[in-house]
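S.K.: Take a look and give me a structure for this.
(one chain, ligands or ions: 2)
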Amino acid sequence: MILSVKNLKKTFKDGDKVLEVLKGVSFNLNKGDILTIKGPSGSGKSTLLSLLGTLDQPDSGEVIIDNNNLKDIKDYDLIRNTHIGFIFQFHNLISELNVVENVTIPTLIAGKKIDEAYVNELFDYFDLSNRKKSFPLDLSGGEKQRISVMRAIINKPSIVIADEPTGNLDEHNAIKMIDLFQKLNHDFNLTFVIATHDKKVFNIGDKKMNLYDGILL
Ligand SMILES: Nc1ncnc2c1ncn2[C@@H]1O[C@H](COP(=O)(O)OP(=O)(O)OP(=O)(O)O)[C@@H](O)[C@H]1O
Ligand SMILES: [Mg+2]
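M.R.: Numbering: from 1, shown residues only. Ligands and ions are numbered 1, 2, ... in the order given. Below you'll find the model as predicted:
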């Protein structure tokens, strides 16, 4: 099992009111699974993903990623950097850095040496070898998003977490992104957790779940 989530609960305070966003979410994923999650706006999809990605902490419950119980982790930055890849609706590339610099940031943060051969292979795989020295401003939306996927997987994470990864793409680029996820899943047995409003993205899940009223079914 690569990801185990047990009875996760999360509330937010909104003035005097307590907002119960997650009321006990549990699921398990095996390596190579694609989990897609849908649910109304405000149902807590991004909240759930931020707990899986150690960007926020639950009130109670457990998240175990690749045998690491997040409860026992002292260094969240380290586990995030080495075990988790993030893809967001907005690519969040750094405009002052060129493409290859953007992609290899997670490797540098991990304090590892950049494996040039591996990086070159990855650029070939993504069909972006001719854009290495370009800057984000000079790229199309689809290219930027594909580069953010590269950045997410450069450190060979245990899971890739994607929050509305096609939310900012046109239909054509959304389909390319879906194909890319399926190819990465097939070629590298990568595990994905994807929150989406897009039916086509939702349909690529081996496991498809719906978050509603704080419960994931
Ligand atoms: N840091 C926070 N403080 C207070 N309330 C929050 C916080 N983060 C999220 N919420 C609330 O928690 C609920 C769930 O938000 P969340 O962003 O997880 O929903 P979502 O399912 O991702 O929605 P969308 O589909 O629009 O992206 C919302 O009511 C939101 O206002
Ligand atoms: Mg959201």
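S.K.: C-alpha from now on. contacts and neighbour counts both.
M.R.: OK.
S.K.: Can you name the element that comes right after the lowest-mean-pLDDT helix or strand in the chain?
M.R.: Each helix and strand of the chain was given a mean pLDDT (mean pLDDT, DSSP states H and E); the minimum falls on helix 76-83 at a mean of 94. Proceeding N to C from helix 76-83, the next assigned helix or strand is strand 84-87, under DSSP states H and E.
S.K.: any idea how far the helix or strand following that next one is from the chain center?
M.R.: Helices and strands here follow DSSP H and E; after strand 84-87, the next one along the chain is helix 99-109. Here the centre of mass of C-alpha atoms in helix 99-109, compared against the chain's by CA atoms, centre = their mean, to the nearest Å, lies 17 Å away.
S.K.: Contact partners for the residue most central in space within the chain?
M.R.: By CA atoms, centre = their mean, the mean C-alpha position of the chain lies nearest to I161, the distance being 1.9 Å. Contact partners of I161, counting by CA atoms under 8 Å, 6 or more residues apart in numbering, are 49, 53, 84-87, 192-194.
S.K.: Which one of these is nearest to I37?
M.R.: I194 (6.1 Å; CA to CA).
S.K.: In this structure the closest one contacts G167, no?
M.R.: No - no contact is recorded between I194 and G167 when judged using CA atoms under 8 Å, the distance being 11.8 Å.
S.K.: Are we agreed that L8 is in a strand?
M.R.: Yes - checked against DSSP: H, G, I helix; E, B strand; the rest coil, L8 lies within a strand.
S.K.: returning to what we had before: gap between the residue nearest to the centre of the chain and N120?
M.R.: As for I161, its distance to N120 is 24 Å (criterion: CA to CA, to the nearest Å).
S.K.: pull the longest helix from this structure.
M.R.: helix 171-188 (DSSP state H).
S.K.: what's the helix or strand following that helix in contact with?
M.R.: Sequence-wise, the next helix or strand beyond helix 171-188 is strand 191-195, with elements assigned using DSSP H and E. When contacts are taken as CA under 8 Å, 6+ apart, the neighbours of strand 191-195 outside the stretch itself are 30-38, 45-46, 49, 158-165, 185, 202.
S.K.: Mind checking which of the residues you listed are in strands?
M.R.: 34-38, 159-163 (DSSP state E).
S.K.: list the contacts for L51?
M.R.: Taking CA under 8 Å, 6+ apart, we find L51 in contact with 57-58.
S.K.: and it, backbone torsions?
M.R.: Recorded main-chain torsions at L51 are phi -70, psi -40, according to degrees, to the nearest 10.
S.K.: Return the distance of it relative to ligand 1.
M.R.: The gap separating L51 from ligand 1 is 10 Å, by CA to the nearest ligand atom, to the nearest Å.
S.K.: what do you get for K9?
M.R.: Taking CA to the nearest ligand atom as the measure, K9 falls 12 Å from ligand 1.
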